[in-house]
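1. My questions concern the predicted model and sequence given below.
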Amino acid sequence: MRPQDALLFEATPRHDLRAPARWHGRGRWSAWGYLLPATALTTVLLLVPLARTVVRSLTAQDGPANYAKVMADGEVGVWPALLNSAVWLLLALVVCALGLGLAWLARDVGPRPKALLLGVLTLPTVTSPLTAGVAFRLIFDLAPRGTANALLPEEVLFLGPGWIWLVLGLAFAWQWTGLAFLVFHVGLANVPKNLLRMGRVFGAGRLRRLRAVVAPALFPTAALVMLIVLTAGVRVFDLILVGAPGSIQAEVDVAGLFWWRHQGDLGEGRSAALAVTLFAMAATVALLVLWRLRRDWPEAGRRPGPEPPAPRRTRASLRVMTAAVTVLWALPFALLLLTSFRSPEAAATSGWWTGGYGPAGSYGEAFGDTSFAGALASTAQRGLLTAVVTVLVVVPAAYALTHERLPRRTRRLVAAAVVLLAVLPFQVAARPLGETLNTWLGSTVVLSFVHAALVLPLGVLLLRNAFTSVPRPVVLRPLAQGRSALLRVMAECGPAVVTVAVIAFVLAWNDLVVGLLLNWPAANQAPLVMLQQSRQFATSAGALAAQGVVLTAVPALLLLATGGWLIRGLTQGVRR
Amino acid sequence: MPMNRRRTLAALSGLAAAALTGCAEPPLRVAVVWSGWELSRFREVLNGRETLRDLDIVVHSAGDDIATLLTNRTVASAVPDVAIVSQPGLLQDPAVGDLLQTVPSLDPLPWQNLVRREAVGPVGHGTDAPIKGVWFKAAHKSLIWHRAGTVPVPSTDWGEWVEQCRSLASRGKAPLSIAAGDGWTLTDWFENVLLGIDETAYHTLRRDPDAWSGPSVQKALTRLADLWSIEGLVPGGGRRALTLQFHDAVLDVFRHHRAAMVAAPDFAWPVIRGHCPAEHPAPTRFPWPQRDDKGAGRRPPPPVLVGGDVVVALRSGGKRALRFVEWLTGPDATKQMGRWAGRGGFLSVRPAVDAYPAPLRALAAELRPPTNPITPIAFDLSDRLEGSLAGGNGRGLWRVLTELFTRVAVDGRPSDEAVRHATAAVKTLAARGRPR
């Protein structure tokens, strides 16, 4: 395989790159066979609806002028929303940098503090944006209730104009920094120390060493992290819905939310044009980031073998940093938990430090009627089914893209499509999808397939990274015998497969947008039930906190149970 | 053949899931605007039912976004079977109105007229148009609640009342708490003021986009801007008010004692009861100009701005939805309604429901205009508007008034400039209608 064959997401193979020139797959047709389920799912549920939206934006209402008209519409005012969406994309990049910075600072901490950091930083990633919104609104609420305001000499209106960006931005950073940290901290450990030492000896400057040694080692994983966080940035929706008071929502509107609210005002063609614009924006940023990375470091170089870990004593300053980060990141959870054990009246009128605790807290109110408990069950069912479907579809697709023979151009095309689909905002496909599936959407099965289609691109990228790094001998024998190596590869990459399943489950479990757009009001989706409580935030704060705790507990337990696997799955993907 | 095995597995898991979801008749989906305490009360009404027990019912709360959700443009089938909405304007929206069944109604005539599906066209206002909804809950929105001892008694004359506010503010005591975070509380302000100035104009606004350019609208906006720009009017300033929701504003007055008065509908009562048990509030009337400005010296009656929640049956719900609506608004449910009414925050247009708490007892009668049944009642205008003016977070009249409030109370702009902006915005929205 020549370097220029490499896909955008080429993980560095750990083995000899030169011979044999290609895998001996079982021919082109079998490769297509493996790709078929993924292609079918993506085509039906994402590509066709996407194409229909594009066609509609160019033909309905004012034709191609839809784009100009939606931008020029002074009264409905789409510009602030589009600019805000751009801000979220930038913020996504900032969050990646923050994760890298933290990983750099923490590179020397001992194993136990590191495990603590990993746990506390990654937990928010599996928390639903809705819960994050509730937690941060609890922190930054008005004077008698808000924690931040209790610490300040005078009341600061964090939820008011201007400041609200801080609240939402912090909530987003809190959620996603952990993922970047996790991936970068493994990436940094893989930086070839000998090369660094050599660079230092030969007088290469700090920047030069960073450019020539550190960055190439980080690239394969960095790309994936950026893509995940960018996707989260494009899909920001529920965080704003619950985090900002009604009057402020216009100020922090994002294109996706604006689209949802103003479909009726915009009309068919213009709302389609808006959705396409949002998608184009996300796609541009994603491709730009990845292209820049790729051009700078076309060859990642070989990954070094494991080096003996240098025994280190954790320095005091590092300990302080670890403690500070742990406290900061655990704080929203702590507040959520504390508030959930207060009575609803106490939560509505005072801060957590004033008491009002009871054994049942606000859980009685949260489960007061059966709707939330029922929603939890059906949400879990949907999540499980999504995970199963995703794995069944993604594994063969990733296998076809790594170990089967496909024309180079096809692979490039597929790679580009996968990256674009990974950042796809669901709004751009929702309406045509709704028209086609219509009454079918009531069923859990159909919705699970929609979820699976949305996770699929990310899953393919992740598994591909893992599959390419499978040691060759494992694959060569079955291939030489003309058999498929799929099962062997899958067994080798157990952690990565589990990771894909967990991500699929968590995304379906936390989903609000798909349920809201496609399946309301049948959506017995737990976050949707929670959103319903949030109309008057103050008097529902207790119940919201309780529901948030329950909603977080499930992915948190999953994270605890599979933690080690997830780290390997996200970073290396190969069974050791 | 691994592929085959995989496909079989996929098919099997699909089947299993289908079996789990069940093939029984799906429950009746009821979407409502309430959440929290009110939602619990509504569930009590349902759970206490003695008839209609065979019907399996799920309640979903849609909050202030119910309009967006009902006019679900994404999936036409993803609508509830029954909805309880506070915006009768939705019934006239073709995207919703066409989905509704005609229902039998025993409501007072003016209330029936609010929910007739009007013929398409500029006038079409017949009293024989089909009735598309039945009123479940009504609200009295022309009230001021105050804490005992802060204001002797709030004046009911607009001019005097503004002076009262001004003098309180100048003494460093915030006279009002305004929940500018909830757009509908601001539109209630506007509607009350306009109703006090010019009732005829109020009634024409809904049908006639040109009426928004009239002098009465201008005058009402100016009154509001002048009031809202009073220094120290609200505790913590206008910026803080923007983050306040309805319940926050009520708690500000009765729990945290940060302000003296709050303009709020009758359903502020349970919030006060539940969180501030020591208080004994009694509402007074929303102030209005008590002398006719034209000098006739006639005392106009106090404005009665009403709101309410109407039950509609969607076509998708079929006969079951109709049965449910008939039960919920018929005599069988009166006892359950009475239970909610007794805890406050629930008024009914039905005389049979009368178990209200003492301070609210007189209000229900005002919702039923006694003399001439043809006289239109002043229903919350923003809830009756359609198209671009219709309410919702960040849109329509809600947004215009939020911006007016922000200009005068937060940015400190002169009120005539803010009013000019608001008038222009409202005119554009009115002229815009709904794109085809």
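-> Sure thing, it's come through.
2. State the number of residues packed around residue A:563.
-> Using other C-beta atoms under 10 Å in any protein chain shown, residue A:563 has 15 neighbouring residues. Any C-beta I mention is one placed from the backbone N, CA and C, and that applies to glycine too.
3. if I look at it, how far off is residue A:557?
-> For residue A:563, the distance to residue A:557 (C-beta to C-beta, to the nearest Å) stands at 11 Å.
4. Residue B:132 too?
-> For residue B:132 relative to residue A:557 (C-beta to C-beta), the value is 48 Å.
5. again with residue A:491
-> For residue A:491 relative to residue A:557 (C-beta to C-beta), the value is 26 Å.
6. Where does the residue of the stretch 51-200 of chain A found nearest chain B sit: helix, strand or coil?
-> When scored by C-beta to the nearest C-beta, the stretch 51-200 of chain A has residue A:159 as its residue closest to chain B, at 4.1 Å. Reduced to three states with DSSP: H, G, I helix; E, B strand; the rest coil, the structure at residue A:159 is coil.
7. Identify the residue nearest it in space, chain neighbours excluded?
-> Nearest non-adjacent residue to residue A:159, counting by C-beta to C-beta, 6 or more residues apart in numbering or on different chains: residue B:243, 4.1 Å away.
8. residues contacting the one you found?
-> A:142, A:157, A:159, A:160, A:245, A:247, A:248, B:181 (C-beta atoms under 8 Å, 6 or more residues apart in numbering or on different chains).
9. same thing but 6 Å
-> Residues near residue B:243 by C-beta atoms under 6 Å, 6 or more residues apart in numbering or on different chains: A:157, A:159, A:160, A:245, B:181.
10. Which residue is the nearest non-sequential neighbour of the spatially most central residue of chain A?
-> With distances taken as C-alpha atoms, centre = their mean, residue A:228 lies nearest the centre of chain A, 4.3 Å away. Among residues not flanking residue A:228 along the chain, residue A:179 sits closest, at 6.3 Å (C-beta to C-beta, 6+ apart).
11. what about that neighbour, how many residues close to it?
-> Neighbourhood size, residue A:179 [other C-beta under 10 Å]: 23.
12. likewise residue B:408?
-> Residue B:408 has 25 nearby residues by other C-beta under 10 Å.
13. which SS state does it fall under?
-> Under three-state DSSP, residue B:408 comes out as helix.
14. That one: what's it in contact with?
-> Counting by C-beta under 6 Å, 6+ apart, residue B:408 has contacts B:225, B:228, B:229, B:415, B:418.
15. Spell out which helix or strand contains residue B:230, please.
-> Secondary structure assignment for residue B:230, by DSSP states H and E: no helix or strand.
16. which stretches of the stretch 351-500 of chain A have low pLDDT?
-> Within the stretch 351-500 of chain A, the segments meeting pLDDT under 70 span A:404-405, A:439, A:442.
17. Tell me the residues of the stretch 251-400 of chain B that contact chain A?
-> B:255, B:256, B:275, B:388, B:393, B:394, B:399 (C-beta under 6 Å from any C-beta of the partner chain).
18. Filter those down to the ones in helices?
-> The helices, defined by DSSP state H, take in B:275, B:399 from these.
19. quick one: which of the residues of the stretch 251-400 of chain B next to chain A is most hemmed in?
-> Within those, neighbour counts (other C-beta under 10 Å) peak at residue B:393, which reaches 27 neighbours.
20. is it fair to say residue B:312 lies in a helix?
-> No. Applying three-state DSSP, one finds residue B:312 to be strand, outside a helix.
21. quick one: contacts for the residue nearest to it when sequence neighbours are not counted?
-> Once flanking residues are discounted, residue B:312 sits nearest to residue B:133: 4.5 Å by C-beta to C-beta, 6+ apart. Neighbouring residues of residue B:133 by C-beta under 6 Å, 6+ apart: B:115, B:310, B:312.
22. If we use 7 Å, what do you get?
-> Neighbour list for residue B:133: B:88, B:91, B:103, B:115, B:310, B:311, B:312 [criterion: C-beta atoms under 7 Å, 6 or more residues apart in numbering or on different chains].
23. And the pLDDT at the fourth one?
-> For residue B:115, the pLDDT comes out at 90.
24. my read: it touches residue B:89, true?
-> No. If you go by C-beta atoms under 7 Å, residue B:115 and residue B:89 don't touch, sitting 10.4 Å apart.
25. picking that back up, number of residues surrounding the residue of the stretch 51-200 of chain A closest to chain B?
-> 26.
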